[in-house]
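Chemist: dropping a prediction and its sequence here:
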Amino acid sequence: MAAVIEIDGLTRRYGDVTAVEDVSFHVGGGRILGLLGRNGAGKTTTLRMLLGLTRPTAGRAMVFGRPYADLPRAAHRIGVSMDGIGPLSAATGRADLRIWAQTLGLSRSRVEEVLERVGLADDAHRKLRGYSTGMRQRHALATALLADPELLVLDEPANGLDPDGIRWLRELLRSLADEGRTVLLSSHLLAEVAQTADDIVILQGTLRYSGTVADLTQEGAVSLESRFFTLAGPSAIRHAHA
C-alpha cells in the first residue's frame, strides 16, 4: 500500500539557521503518527512544508503521492488544525463552520454532523470569542473534519483540554483511524501520545527516531518519556543552567 505521507530528505534553512535538516519518514493509511520534539525542534516547520505553506530548501514532502499544491481537491482530502488557520472570533461557532462549509461546497447538514461529533452542538450558538481554550480546540477539530477528510494534520490538538477532553480526543482519533483515516499530530504530551499513536517521529532539528510506539518502548517495558529524552538529547535550557 502506498504511503499517505512521504517526507524525504526534508530541509529548511533561514539564512544561517537550519530549522529542519534531512528529515525522512513515511506514514501509512489508517495510522496515527505522533510527531514529537521540543519547542524549536522543527515540528511546525515540517507540517508547514507538508501543507505547502513553507517551501523546503531541499528534499520533498508528498501527500497521496503529490506535493500538496498539486493535489486535486486537497482541502477536501486533508483536514488541518494549526496556528494561522483560525476562526472568525466575532462569529458564532455554527456560523463560522457554515462559512467554511460554503467555501468547500458542503451542506449545512454537514456542519451539524461535525458539531455533534466534537460535542459542541449545545454551544454552537455562542460567539467564538467567548469559547474556552478547550472549546476552541474542539471547534478547530470540527473545521478539520468538515470535508470528511482522509488525512488529518493536527498541531497540538490537546492544548487546553481537561482530562475528560483529552480522553475524548484520544477516543475520537482512534475511531477516525479505525475508519481508515490517517492522523498526523504534533504534541508535547508524551504520556498521552504513548496511549494514542501507532507510530512516532522524534525531531530535534534532525530526525532522531521514526518507527512504531511498540518498538520504541520495547512493548511497554520502557516509557516513551524515557526514550524521548534519550533520543532528543539534553535540553538547551537545562544545559545552560547546569
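Modeler: Everything's here; your move.
Chemist: element containing the residue minimising distance to the centre of the chain, please.
Modeler: The residue lying closest to the centre of the chain (Cα atoms, centre = their mean) is residue 154, at 2.1 Å. Counting by DSSP states H and E, the element that carries residue 154 is strand 151-155.
Chemist: and that strand, which strands flank it?
Modeler: strand 78-81 (parallel), strand 182-187 (parallel) (DSSP bridges).
Chemist: turn those into a markdown table, including mean pLDDT, mean neighbour count and distance to residue 13.
Modeler: For glycine as for every other residue, the C-beta is placed from the backbone atoms N, C-alpha and C. As requested, the strands paired with strand 151-155 are arranged in a markdown table below (pLDDT from 0 to 100; neighbours: other Cβ atoms under 10 Å; distance: least, Cβ to Cβ, whole Å):
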| stretch | mean pLDDT | mean neighbour count | distance to residue 13 |
| --- | --- | --- | --- |
| strand 78-81 | 96 | 23 | 24 |
| strand 182-187 | 95 | 24 | 21 |
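Chemist: now do the contacts for residue 67.
Modeler: 52, 60, 61 (Cβ atoms under 8 Å, 6 or more residues apart in numbering).
Chemist: quick check, pLDDT for it.
Modeler: Looking at residue 67, its pLDDT reads 96.
Chemist: repeat that for residue 90.
Modeler: Value for residue 90, per-residue pLDDT: 81.
Chemist: could you do residue 237 as well?
Modeler: Taking residue 237 on its own, its pLDDT is 50.
Chemist: what's the answer for residue 40, then?
Modeler: The model's pLDDT for residue 40 equals 89.
Chemist: against residue 18, how distant is it?
Modeler: Relative to residue 18, residue 40 is positioned 11 Å away (Cβ to Cβ, to the nearest Å).
Chemist: okay, those two: which has more neighbours?
Modeler: Ranked by neighbour count (other Cβ atoms under 10 Å), residue 40 and residue 18 place residue 18 first, with 15 against 12.
Chemist: show me where this protein has its strands.
Modeler: 5-14, 17-27, 32-36, 58-63, 78-81, 151-155, 182-187, 199-204, 206-212 (DSSP state E).
Chemist: out of those, deepest packed?
Modeler: strand 32-36 (a mean of 25; mean count of other Cβ atoms under 10 Å).
Chemist: now do that strand, average pLDDT.
Modeler: 97.
Chemist: and it, what does it pack against?
Modeler: In terms of contacts (3 or more Cβ pairs under 8 Å, 6 or more residues apart in numbering; DSSP states H and E), strand 32-36 is packed against helix 43-50, helix 163-178, strand 182-187, helix 190-196, strand 199-204.
Chemist: looking at the ones you listed, which is nearest to residue 137?
Modeler: Distance to residue 137, taken as Cβ to Cβ, is lowest for helix 163-178 among the helices and strands packed on strand 32-36, at 7.6 Å.
Chemist: and that closest one, how far out from the chain middle?
Modeler: 13 Å (Cα atoms, centre = their mean, to the nearest Å).
Chemist: and that helix, what's buried?
Modeler: 165, 166, 168, 169, 170, 172, 173, 174, 176, 177 (16 or more other Cβ atoms under 10 Å).
Chemist: so which of these comes closest to residue 212?
Modeler: residue 177 (13.8 Å).
Chemist: now for that closest one: which residues touch it?
Modeler: 30, 31, 32, 183, 198.
Chemist: and residue 205, by the same measure?
Modeler: 18, 19, 20, 21, 41, 42 are the contacts of residue 205 under Cβ under 8 Å, 6+ apart.
Chemist: any idea of the pLDDT on the third one?
Modeler: Put plainly, it is residue 20. At residue 20, pLDDT is 96.
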